[in-house]
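K.L.:
Got a predicted structure plus its sequence, pasted below:
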Amino acid sequence: MSAICRIITGVSGSPRNLPAVRYAAALARDHAATLILLLAWVPPGAGSLDRRFPSPYLRREWEQAAWQRLHDAINMALGGVPADVSAELAVVRGEAGPVLVRAAGAAGDLLVVGTGRCGTAGRLTGGWISRYCLARAGCPVLAVPPAPLELEAAYGLHRRAFRRRRLDLSELAAGR
């Protein structure tokens, strides 16, 4: 297996993305690799507004907002850009899956992605970025699962807190 030279990870700031960013930073530290923190962005309305009424001012504003989201997400995940790792920040216009696959195409690249949402509804509405990258990337892809606490909250505690049970008249009278 070839040496890992660059570790590319998408940054979104979502709770599912944070473990992937942290893991990518740890891998970059362990392998003395360059960490590329990349945020893909699409203009509001999937770009239709930009195509119909192109505005250089709005494009600059949207890109500046994307840079701010990138910095906020890095601060949330890592407490700032790690000083002990060679890191590059990138903001690229486009859908996240294709942008990540294009960015991670060289020999020695490793693409680190989060696993997306869990559950039936989550599989239908989320997780397409990780599936896209796993299916189309020309380099190894590492899919990082969510933290155990998040899984417990999604499946255990949350489900128990909102389960339905039959009300008993004696409980109502007692004020429970």
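P.N.:
Done, it's in.

K.L.:
Only C-alpha atoms from now on, for both contacts and neighbour counts.
P.N.:
Will do.

K.L.:
OK, contacts around His71?
P.N.:
By CA atoms under 8 Å, 6 or more residues apart in numbering, the residues touching His71 are Gly80.

K.L.:
separation between it and Ile4?
P.N.:
25 Å (CA to CA, to the nearest Å).

K.L.:
With Gly13 instead?
P.N.:
Per CA to CA, Gly13 is found 25 Å from Ile4.

K.L.:
Same question for Leu110.
P.N.:
7 Å.

K.L.:
which one of the two has more residues nearby?
P.N.:
Neighbour comparison, Leu110 and Ile4: the larger count goes to Leu110, with 27 against 17 (by other CA atoms under 10 Å).

K.L.:
Run through the chain and note the low-pLDDT ranges.
P.N.:
1-2, 45-51, 116-127, 149-176 (pLDDT under 70).

K.L.:
mind listing the strands for it?
P.N.:
For the chain, the strands defined by DSSP state E occupy 6-10, 34-41, 87-93, 109-114, 141-144.

K.L.:
how about these in TSV, adding distance to Glu61?
P.N.:
Converted to TSV, the strands of the chain look like this (distance: least, CA to CA, whole Å):
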stretch	distance to Glu61
strand 6-10	21
strand 34-41	12
strand 87-93	13
strand 109-114	27
strand 141-144	32
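
K.L.:
what's the closest of these to Pro56?
P.N.:
Of all the strands of the chain, strand 87-93 sits nearest to Pro56, with 14.1 Å by CA to CA.
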